[in-house]
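[1] here's a sequence, model it:
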Amino acid sequence: MVADDVPRRWHGIPAGHFEDLARGGGGAAVGELVAAQHSKHALLVRAVVDEAVAHGHPGGGAAEDAYAALTEVQRRAPEAVAAVVRYPATGAWALRTAQRLRAGDGAAVPGRLAGLAAAAAVRGAVALSVRVPREPDGTVHLPSVGVACLPDGDGAGVEVEVSGDGSALIGGRVRVRPAGGGPVRAVAEVVGGSADQGWTGVRMVGLGGGFSPVFDDVEPFRFPSGEVRGRLAEGELGEWAGTLRAGWEVLCRVHPETASEVVTAVRVLTPLAAPGPGTLSGTARETFGCVALSRPPDAVAAAAMLAHEIQHAKLTALMDLFPFVTSPSSDRRFYAPWRDDARPVTGLLHGAYAHLGVAGFWRRQRHEEADPAEVTAAHTKFARWRDGAAEVTAQLAASGLLTPAGLRFVLGMAEVLEGWRADPVPAEAASVARRAAETHRAAWIRRHGRPVVPG
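    Numbering: from 1, shown residues only. I've put the predicted structure just below:
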């Protein structure tokens, strides 16, 4: 049992906000998670400098100089630096670089920190001159802004000179300036407007209602998956934007609380290759703020993908603050109604929380569909994922692998799901959901044997 005397604050999160998150929502708590992740990124960026110096890396001095430049830009344009530091790819790069430096990897390049300073200077229109390393392929990266290509240059780095209007001269050859407005626009565009002049700008997609996420198909650290796609042509990006805009309208109209969470937490969308006829989406701990997804087939699918992934994002950020699992490396594996493999406890918890959000999405969406077949399909999805998530929360609560905070969180989920079981579902939809669940379980048992019942 969990004690009734809940602390007023858990690791800086008010207890009431913790309960809101456990019940699948978030509200103001999502902003607190975003702030915590921003602090995490800032600490990781500082760790790159400290690890480089502590281990005597030859790039340690360059990293210190770059950090000083970043600090100077922050003094004059703090919001620009905040945008670059909290950028998902910044977190992934800083984490991996600090880890490599700590392991004594001489191939790590801590001087890439200079690219962050240059990017912040462009975004904040701060005059700055800084030397940014060139990658082996001749590219020069300004995270959250774009990539210059200087394949025939010499030396390990190039000068990036930023003017007070935000325009920048990169390597003395590529000149870029902040881009104008528009529903699909680059953060910065090459002067002259020709993409073959050595510049590939990160683009933003205006989805409406003040939500304009970056569409990142450029950054090498944009998402830790082999499924990421490369640069999308303007026409294809326009098609993506149309579907995403329609999906965002569905989310804002029917699921406003979820839309508010997405606006607060999501900064970047990254395109993935579709797995055959299906769709694919994901989030990752090291790239908080990024949702990676294959192209949704329609507006409702786009809305559902965002509703699914915001759950993973919230739980990822929360588990950076709270130990929810007593033995993350435990070799015990569990049955999940949405997966064909046997799941570790952390993956099981993530899946349950995501499908709490998915069930809530279809619980609302089923009343918005007009076509009878779509109405039945929505009721079916609600019933299946409500019951599946309830089954998994029971497994988790009985597993003995949760900390007190983890158990309290799971019991909050279970309370919501139990309440939803009183919602009426048409007999046809309930029957289809039940048969689908039975078929999935039978196939899983044929592959893995009967699941072990915790307790």
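
[2] please make it C-alpha for all contacts and neighbour counts, starting now.
    OK.

[3] secondary structure element holding G91?
    Per DSSP states H and E: G91 is located in helix 88-102.

[4] alpha carbons of that helix, as CSV, please.
    Backbone C-alpha positions of helix 88-102 (Å, rounded to 0.1, in the frame of the first residue of the first chain) are rendered in CSV as follows:
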residue,chain,number,x,y,z
PRO,A,88,16.4,18.4,-28.9
ALA,A,89,19.5,17.8,-31.0
THR,A,90,21.6,19.9,-28.6
GLY,A,91,20.8,17.5,-25.8
ALA,A,92,21.6,14.5,-27.8
TRP,A,93,25.0,15.9,-29.0
ALA,A,94,26.0,17.2,-25.5
LEU,A,95,25.1,13.9,-23.8
ARG,A,96,27.0,11.7,-26.3
THR,A,97,30.0,14.1,-26.4
ALA,A,98,30.3,14.3,-22.6
GLN,A,99,30.1,10.5,-22.4
ARG,A,100,32.8,10.1,-25.1
LEU,A,101,35.0,12.6,-23.3
ARG,A,102,34.6,10.8,-20.0
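
[5] what is that helix packed up against?
    helix 28-54 (3 or more Cα pairs under 8 Å, 6 or more residues apart in numbering; DSSP states H and E).

[6] buried sites along the helix it packs on?
    29-30, 32-34, 36-38, 40-42, 44-53 (16 or more other Cα atoms under 10 Å).

[7] now swap in stretch 203-220 and tell me
    Those would be 203-207, 211-219, for stretch 203-220 by 16+ other Cα under 10 Å.

[8] for the stretch 101-250 of the chain, which residues score under the pLDDT cut-off?
    Along the stretch 101-250 of the chain, the parts satisfying pLDDT under 70 run over 153-155, 192-197.

[9] which residues of it fall in strands?
    128-133, 139-142, 146-149, 157-162, 168-170, 174-178, 184-186, 188-190, 199-201, 203-205, 214-215 (DSSP state E, counting those that start in this stretch).

[10] mind putting those strands in CSV, distance to A92 included?
    CSV is the format used below for the strands of the stretch 101-250 of the chain (distance: least, Cα to Cα, whole Å):
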stretch, distance to A92
strand 128-133, 18
strand 139-142, 14
strand 146-149, 17
strand 157-162, 22
strand 168-170, 24
strand 174-178, 25
strand 184-186, 22
strand 188-190, 22
strand 199-201, 20
strand 203-205, 20
strand 214-215, 16
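
[11] so which of those comes closest to G247?
    strand 203-205 (13.1 Å; Cα to Cα).

[12] and that closest one, what other elements does it pack with?
    Judged by 3+ Cα pairs under 8 Å, 6+ apart, the packing partners of strand 203-205 are strand 184-186, strand 214-215.

[13] how far does the last one sit from its chain's centre?
    Its chain's C-alpha centre and that of strand 214-215 lie 12 Å apart, by Cα atoms, centre = their mean, to the nearest Å.

[14] list the contacts of that strand.
    V202, R203, M204, V205, R267, V268, L269, T270, P271 (Cα atoms under 8 Å, 6 or more residues apart in numbering).
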